[in-house]
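Engineer: how would this look folded up:
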Amino acid sequence: MSIILQSTVGGFSAQFMRKLPLVEQAMREHGLDPAGFVISKDYASTATIPIMGPFFFNYSVYFGDETFTVTEPNDMVFLDYFFKRVLAADEPPELPRRPGLIRRFFGWMAEAM
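Structural biologist: From the prediction side, this is the model:
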């Protein structure tokens with residue numbers, strides 16, 4: 001099954017729909033079940049100029065008991081953000097430790113000889 005999509009603003013773009021299966025595949029590869037996710041698209045605010053419409057959309061993502069909302073200008077910017085979150089590591093990578101001051105000093109002294 002795939003991600004459930006909801007929209008109060010006329011649906012998602014064709015480009016979004018073409019790339020969504022790639023995101024779902026990446027989710028499966030990272031142990032996530034796309035069927036457990038719901039993406040909802042709504043206007044972020046009312047239009048200040050009625051002819052032009054709103055400039056941003058709220059994308060709410062629901063999964064299990066968790067939810068988050070991001071505001072983006074279009075579907076593809078949101079999909080890129082969501083894809084990066086899917087690929088992100090659960091914990092930050094461990095950085096290599098820098099040698100302490102004494103070890104660096106003795107290393108420098110050994111090079112001088």
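
Engineer: From residue 43, how far out is residue 24?
Structural biologist: 26 Å (Cβ to Cβ, to the nearest Å). In this view, the C-beta of every residue, glycine as well, is placed from N, C-alpha and C.

Engineer: Which one of these two is surrounded by more residues?
Structural biologist: The residue with the greater number of neighbours, taking residue 24 and residue 43 and applying other Cβ atoms under 10 Å, is residue 24; the counts read 19 against 14.

Engineer: Which residues are in contact with that one?
Structural biologist: Taking Cβ atoms under 8 Å, 6 or more residues apart in numbering, we find residue 24 in contact with 2-3, 34.

Engineer: Closest to residue 81 out of those?
Structural biologist: Sorting the contacts of residue 24 by how near they are to residue 81, with Cβ to Cβ, puts residue 3 at the top with 14.5 Å.

Engineer: gap between the host helix or strand of residue 111 and the chain center?
Structural biologist: Element membership of residue 111 [criterion: DSSP states H and E] is helix 101-112. Per Cα atoms, centre = their mean, to the nearest Å, the displacement of helix 101-112 from the mean C-alpha position of its chain is 44 Å.

Engineer: next one: stretch 16-36
Structural biologist: Taking the mean of its C-alpha atoms, stretch 16-36 sits 12 Å from the chain's own mean (Cα atoms, centre = their mean).

Engineer: Could I get the buried residue list for that stretch?
Structural biologist: Residues of stretch 16-36 classed as buried: 16, 19-20, 23-24, 27, 34 (neighbour count, 16 or more other Cβ atoms under 10 Å).
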